[in-house]
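S.K.: Dropping a prediction and its sequence here:
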Amino acid sequence: MTTSLTLTRPQKAAAILVAMGKPAAGRLLKFFKQEELKALIEAARMLRTIPQADLEKIVAEFEAEFTEGAGLLDSADKMDTLLSETLSPEEVSAIMEGRQKKPDTGPLPVWPQVEQLEPMRIGGFLAGEHPQTGALILSKLSSQLAAQVLLTLEKPLRSEIMKRMVTMASAPQAAMRLVENQIRTRLLDGSSSKDTSTGQARLASVLNEMDKTQLDEVIQDLEAVGTPDLAGVKARVFSFDDMHLLSQKARVLVFDGMSTDVITLALRGAPEELVEAVLSAIGARSRRMIESELSTGSEGIALTDIMQARKTVASATVRLSREGAFELPGAQAAAEAA
């Protein structure tokens, strides 16, 4: 680009600096080498008054050449390098004004992740650890989750862990870091123990909405196509027709406080074995009331209401199992198979 004036490059640079004014030009001058400053000073002395129109052309020429030659910086890192190499730390701070370097937070905290795991998974991990380690881990969990995990453990280990929890003092930081690292690699991040419990629970919750006939058919289809981790899904699946497979203690927990109307409705048309399994788990007075109602038959009662009552009972059973109160028949079968 040409102008109406014939100026050397140092003269054009001097003109731009003069036009910028003292504060801005002063900040730039310190970046010039000594010989460059000398050339600028000599060029400035030879300058005469430059018309505004010509000055604007010089600035436009500078902008065009700068844009074409420099291009765009392709990363923030290059800009940081440029600033650090040309400015003092104080000047960089003044320019950046509030920009903060993103802190290196390291790995995610362990304990919030453990809180998201199912009690059975944590209990399985603790079963292979020293009771003192188990006590330390449970002391870092919420009271509700710690109680659920304890209920999944064998009684001897459970007693040992609880005994140590009573007398346990604050753990040294070094010991805590070792435990956290073990949890991170073996319970949370280990590829050999990848946690698929969330997906298993999600599929099981869908299957638990089906009646027994539909459920059996779908399970067979899943087996035929080789669904991975199907054993974990089966361990979480439960229907009202499986109630007789629960232990007496588990059935008592399920029906404790449950409405007799719901129980009566769920037992309408049920096999004799199933009826007896349920009635044996409730009090004598409630049993007599339910037996009296069942003796009248199921005529006039909608099948949808019966099925809904059975789903209510099954859902309560699954919830108690998830809380660690007992194991479902599917989980017991999977453990025996292993």
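M.R.: Received, thanks.
S.K.: Please count neighbours and contacts with C-alpha atoms only from this point.
M.R.: Noted.
S.K.: residues in contact with the most centrally placed residue in the chain?
M.R.: The residue lying closest to the centre of the chain (Cα atoms, centre = their mean) is residue 113, at 6.9 Å. With contact set as Cα atoms under 8 Å, 6 or more residues apart in numbering, residue 113 has these partners: residue 188.
S.K.: Tell me which residues of whichever strand or helix holds it come out buried.
M.R.: Under the criterion of DSSP states H and E, residue 113 resides in helix 110-114. By neighbour count with 16 or more other Cα atoms under 10 Å, helix 110-114 contains the buried residues residue 114.
S.K.: Tabulate the CA atom coordinates of the helix or strand following that helix in PDB.
M.R.: For helix 110-114, the following helix or strand on the C-terminal side (DSSP H and E) is helix 119-126. Extracted as PDB, the C-alpha positions of helix 119-126 are listed here (Å, rounded to 0.1, in the frame of the first residue of the first chain):
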ATOM      1  CA  PRO A 119     -24.000 -51.500  49.700                       C
ATOM      2  CA  MET A 120     -23.400 -55.000  48.300                       C
ATOM      3  CA  ARG A 121     -20.500 -53.800  46.200                       C
ATOM      4  CA  ILE A 122     -18.900 -52.000  49.100                       C
ATOM      5  CA  GLY A 123     -19.500 -55.000  51.400                       C
ATOM      6  CA  GLY A 124     -17.900 -57.300  48.800                       C
ATOM      7  CA  PHE A 125     -14.800 -55.100  48.800                       C
ATOM      8  CA  LEU A 126     -14.600 -55.000  52.600                       C
END
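S.K.: Other residues contacting helix 119-126?
M.R.: Helix 119-126 is contacted by residues 114, 133-134, 145, 148-150, 152-153, 187, 322-324 when judged by Cα under 8 Å, 6+ apart.
S.K.: let's see 6 Å
M.R.: Helix 119-126 is contacted from outside by 134, 148-149, 152, using Cα atoms under 6 Å, 6 or more residues apart in numbering.
S.K.: so of those, which ones are in strands?
M.R.: Counting by DSSP state E, those place none of their members in strands.
S.K.: will you turn the residues you listed into JSON lines that also has distance to residue 313, neighbour count and pLDDT?
M.R.: Output for the contacts of helix 119-126, formatted as JSON lines (distance: Cα to Cα, whole Å; neighbours: other Cα atoms under 10 Å; pLDDT from 0 to 100):
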{"residue": "134", "distance to residue 313": "34", "neighbour count": "25", "pLDDT": "90"}
{"residue": "148", "distance to residue 313": "21", "neighbour count": "22", "pLDDT": "88"}
{"residue": "149", "distance to residue 313": "24", "neighbour count": "24", "pLDDT": "89"}
{"residue": "152", "distance to residue 313": "22", "neighbour count": "22", "pLDDT": "87"}
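S.K.: and residue 233, what pLDDT?
M.R.: If you check residue 233, the pLDDT there is 80.
S.K.: which element is residue 220 on?
M.R.: According to DSSP H and E, residue 220 maps onto helix 212-224.
S.K.: Now do that helix, average pLDDT.
M.R.: Mean per-residue pLDDT for helix 212-224: 82.
S.K.: what's next to stretch 202-221, contact-wise?
M.R.: So stretch 202-221 is in contact with 233, 236-237, going by Cα under 6 Å, 6+ apart.
S.K.: just to revisit the earlier point, from the chain's centroid, how far away is the helix holding residue 113?
M.R.: Distance of helix 110-114 from its chain centroid, counting by Cα atoms, centre = their mean, to the nearest Å, is 9 Å.
S.K.: Most neighbours out of the contacts of stretch 202-221, which is it?
M.R.: The most crowded member of those, judged by other Cα atoms under 10 Å, is residue 237 (26 neighbours).
S.K.: Not counting its neighbours along the chain, what's nearest that residue?
M.R.: In space, residue 237 comes closest to residue 204 once its chain neighbours are excluded; the distance is 5.3 Å by Cα to Cα, 6 or more residues apart in numbering.
S.K.: Give me the three-state assignment for that neighbour.
M.R.: Following DSSP: H, G, I helix; E, B strand; the rest coil, residue 204 is assigned to helix.
S.K.: any idea how far residue 54 is from it?
M.R.: 79 Å (Cα to Cα, to the nearest Å).
S.K.: Compare the two (neighbour count), which wins?
M.R.: Neighbour totals were compared for residue 204 and residue 54, and residue 204 leads with 20 against 14 (other Cα under 10 Å).
S.K.: lowest average confidence, helix or strand, in this structure?
M.R.: Ranked by mean pLDDT, DSSP states H and E, the weakest helix or strand in the chain is helix 76-86, scoring a mean of 51.
S.K.: any idea of the pLDDT on the nearest residue to residue 11 once chain neighbours are set aside?
M.R.: Nearest residue to residue 11, sequence neighbours excluded (Cα to Cα, 6+ apart): residue 43, at 4.8 Å. Looking at residue 43, its pLDDT is 71.
S.K.: distance between the helix or strand where residue 43 lies and the chain's centre?
M.R.: Assessed by DSSP H and E, residue 43 sits inside helix 34-46. Averaging C-alpha positions (Cα atoms, centre = their mean) puts helix 34-46 63 Å from its chain's average.
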